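S.K.: Please work out how this folds:
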Amino acid sequence: MTEATDLSLQVGRQMLSEQVHAGLRAAIMRGDHAPGEALKPQELAREHGVSLAVVREALVRLVGEGLADRLPNRGFAVPAFSDRRWQEIAEARRAVEPVMLRMSVERGDLEWEARVRAAHHRLARTPMWSAQQGQYFSAAWSAAHYAFHRTLLEGCGNPVLMDTFDRMWTASELARRWSGHRTPGRDAAGEHQRLEQAALARDADSAVAVLAQHLTTTAAVLSGTTHDEPPEAP
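M.R.: Down below sits the predicted model:
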């Protein structure tokens, strides 16, 4: 085998791994795989028409993102839905994200301010709920929600912390989608608006307090999650 051929095979395998990873990630986030369900490499390889090595690479990436667990002697599985797991994630977010937000408020420049304002504007104008194709959480709102929170924190200028945020966010987002219900009385839009206002006012103490309460409320919602019937369409 020539060096060029070997390189071509490596590139092809990487592309297949990217495709399988993207497909599995989307399927897990959609709820196609139940909490705790086994992700069997042999079955997935047949389903996607790829080798076991390609599937394993994709699964290892999902483990790194918090969307799969690697079980000793039992392969891979979708994370189990448990109050303890999500409370641990919430605890980690409450420990890390307020520190990042304080750094952002102190370090963020005018470009950061503009991005925060634009991200909040998009979030505020995007409907949260949708019954299209059975998805009650709007995919557009979920993307805008992530973008707003990430933009608030990226002013910290620390890529290691941002990678940590991305992983915690993905795990929390999975739990939120599994929750499948609305939260009566919660003013999420108001919480986001107060976050934007405090951050842009460069009031680090207020911004941190609002974010801490926001994360605490989210944790309480997820800890009370049930898996009954999905919500009625708006």
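S.K.: And the residue minimising distance to the centre of the chain, which helix or strand is it part of?
M.R.: With distances taken as C-alpha atoms, centre = their mean, residue 170 lies nearest the centre of the chain, 2.1 Å away. Residue 170 is located in helix 159-179, with elements delineated by DSSP states H and E.
S.K.: Tell me the buried residues in that helix?
M.R.: Buried residues in helix 159-179, counting neighbours by 16 or more other C-beta atoms under 10 Å, are found at 161, 164-165, 168-179. From N, CA and C alone the C-beta is placed, and that goes for glycine too.
S.K.: Select from the residues you listed the entry with the lowest predicted confidence.
M.R.: When the buried residues of helix 159-179 are compared by pLDDT, residue 179 scores lowest at 64.
S.K.: got any ranges where this protein has weak pLDDT?
M.R.: In the predicted model of the chain, residues 1-13, 131-137, 179-185, 223-234 satisfy pLDDT under 70.
S.K.: picking up where we left off before, ok, of the buried residues of helix 159-179, which one's closest to residue 93?
M.R.: residue 168 (5.2 Å; C-beta to C-beta).
S.K.: Find the nearest non-adjacent residue to that closest one, please.
M.R.: Among residues not flanking residue 168 along the chain, residue 93 sits closest, at 5.2 Å (C-beta to C-beta, 6 or more residues apart in numbering).
S.K.: Would you mind measuring from residue 174 to residue 157?
M.R.: 28 Å (C-beta to C-beta, to the nearest Å).
S.K.: Could you do residue 119 as well?
M.R.: Counting by C-beta to C-beta, the gap from residue 119 to residue 157 is 17 Å.
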